[in-house]
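Undergrad: Based on what follows, work out the 3D shape:
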Amino acid sequence: MLSTGFYTLLKREVVRYMKSPWMTIVPPLINAVLYMIIFGVAVGPRLGDVNGFGYIQFMLAGLVMMTAIINAYNNPAFSLFQARWHGNIADVLTSPMSYFEILMANVIAGMFRGILTGLLILVPAVALAGMPVASVFWTLFFLLLVCFAFSCLGVITGLWASDWDGANNLLTFVITPLAYLGGVFYSIDMVKGIPLLYQLTLLNPITYMVNGLRYGLLGMSEVDLMFGTALIAIMSIGLFAVCLRLFSTGWNLKK
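TA: Sure, this is the predicted structure:
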């Protein structure tokens, strides 16, 4: 049974970014609107339909997933690093909470931020752009699973980073490039025959995450859905296992 300390820490982590929406929630929404204007309105009509859907609908599914991924990662990565940097983590470690509760509070807070920003894009997309929702279950399932995985990755980064640049490097040099090359703005058919890009897209795990959400929203996927689900599930379990190991050993928590 989870303690009162767990709920208090979870509330603190959620309130921390909800109190500063102009720094945490609004910027990704502005970026999403700019992507929609540039790619959906300006470029989309020139491309025509993609796999039977308007380009803006096809692109929006990827945009929702990319936004959810980045925000689910950012929250625990920077929160934990900041707590270590300023020494505030000592107050949490000396509390009666178990390492599992501390870990889960950070992971769930990151998941909530990722899902919240994703839904803040999706809801107006459904209302204004006619975005269909083929399956509410698969839509929420993939959002939850992917946000869980990247929130765990954010926890690992928050413990590993030794400075502010380190906390940001994985996002800048790994996650963002993978997101752009994960079929967010293009279909796999569009890059067939293009050396390296086609192969990188198929090897990219974010491709399967984006297509999972497309299946939930549009009812179509360019990759094998069951393989993608298994891949994301294994990735989630592996990252969570690493987090548990790091917290149980106190790795970089007491420095």
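
Undergrad: make it CA atoms for all contacts and neighbour counts henceforth
TA: Noted.

Undergrad: what kind of secondary structure is the closest residue to Val210 other than its chain neighbours in?
TA: Nearest residue to Val210, sequence neighbours excluded (Cα to Cα, 6 or more residues apart in numbering): Gly62, at 5.2 Å. When classified by DSSP: H, G, I helix; E, B strand; the rest coil, Gly62 comes out as helix.

Undergrad: Report how many residues lie close to Gly62.
TA: 26 (other Cα atoms under 10 Å).

Undergrad: mind starting the numbering at 25 from now?
TA: From this message on, residue numbering opens at 25, which makes the last subject Gly86.

Undergrad: And it, how close does it get to Ser119?
TA: As judged by Cα to Cα, to the nearest Å, Gly86 and Ser119 stand 41 Å apart.

Undergrad: do the same with Asn112
TA: Counting by Cα to Cα, the gap from Asn112 to Ser119 is 12 Å.

Undergrad: can you check Leu277 too?
TA: Counting by Cα to Cα, the gap from Leu277 to Ser119 is 14 Å.

Undergrad: ok, those two, which is more surrounded?
TA: Remark: of Leu277 and Ser119, Leu277 carries more neighbours, 19 against 10, as counted by other Cα under 10 Å.

Undergrad: give the contact list for the more buried one.
TA: Arg108, Ile113, Leu183, Phe271 (Cα atoms under 8 Å, 6 or more residues apart in numbering).

Undergrad: Give me the most central residue, this protein.
TA: By Cα atoms, centre = their mean, the chain has its centre lying nearest to Ile93, at 1.3 Å.

Undergrad: a strand runs through Leu58, doesn't it?
TA: No - counting by three-state DSSP, Leu58 is not part of a strand but helix.

Undergrad: where along the stretch 75-224 of the chain do the strands fall?
TA: 77-78 (DSSP state E, counting those that start in this stretch).

Undergrad: on that earlier part again, thinking the residue nearest to the centre of the chain is in contact with Cys176, fair?
TA: No - between Ile93 and Cys176 there is no contact under Cα atoms under 8 Å: 11.2 Å.

Undergrad: For this structure, give me the ranges with low pLDDT.
TA: For the chain, the stretches flagged by pLDDT under 70 are 64, 153, 279.

Undergrad: How are the helices of it distributed by residue range?
TA: Secondary structure of the chain (DSSP state H): helices at 28-42, 45-48, 50-59, 68-71, 79-110, 113-117, 123-152, 160-184, 188-194, 200-204, 221-227, 229-242, 249-273.

Undergrad: Make JSON lines out of these and add distance to Val215.
TA: Shown next, in JSON lines, are those (distance: least, Cα to Cα, whole Å):
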{"stretch": "helix 28-42", "distance to Val215": "38"}
{"stretch": "helix 45-48", "distance to Val215": "34"}
{"stretch": "helix 50-59", "distance to Val215": "20"}
{"stretch": "helix 68-71", "distance to Val215": "14"}
{"stretch": "helix 79-110", "distance to Val215": "15"}
{"stretch": "helix 113-117", "distance to Val215": "46"}
{"stretch": "helix 123-152", "distance to Val215": "26"}
{"stretch": "helix 160-184", "distance to Val215": "25"}
{"stretch": "helix 188-194", "distance to Val215": "26"}
{"stretch": "helix 200-204", "distance to Val215": "13"}
{"stretch": "helix 221-227", "distance to Val215": "5"}
{"stretch": "helix 229-242", "distance to Val215": "13"}
{"stretch": "helix 249-273", "distance to Val215": "20"}
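
Undergrad: which stretch among the ones you listed comes nearest Asp213?
TA: Comparison of these against Asp213 by Cα to Cα identifies helix 221-227 as nearest, at 8.8 Å.

Undergrad: hang on, the earlier thing: closest to Ala149 among the contacts of Leu277?
TA: Leu183 (36.0 Å).

Undergrad: Tell me how far the residue lying closest to that closest one once chain neighbours are set aside lies from Leu177.
TA: Counting by Cα to Cα, 6+ apart, the nearest residue to Leu183 once its immediate chain neighbours are dropped is Asn276, at 5.9 Å. To Leu177, Asn276 is 15 Å away according to Cα to Cα.
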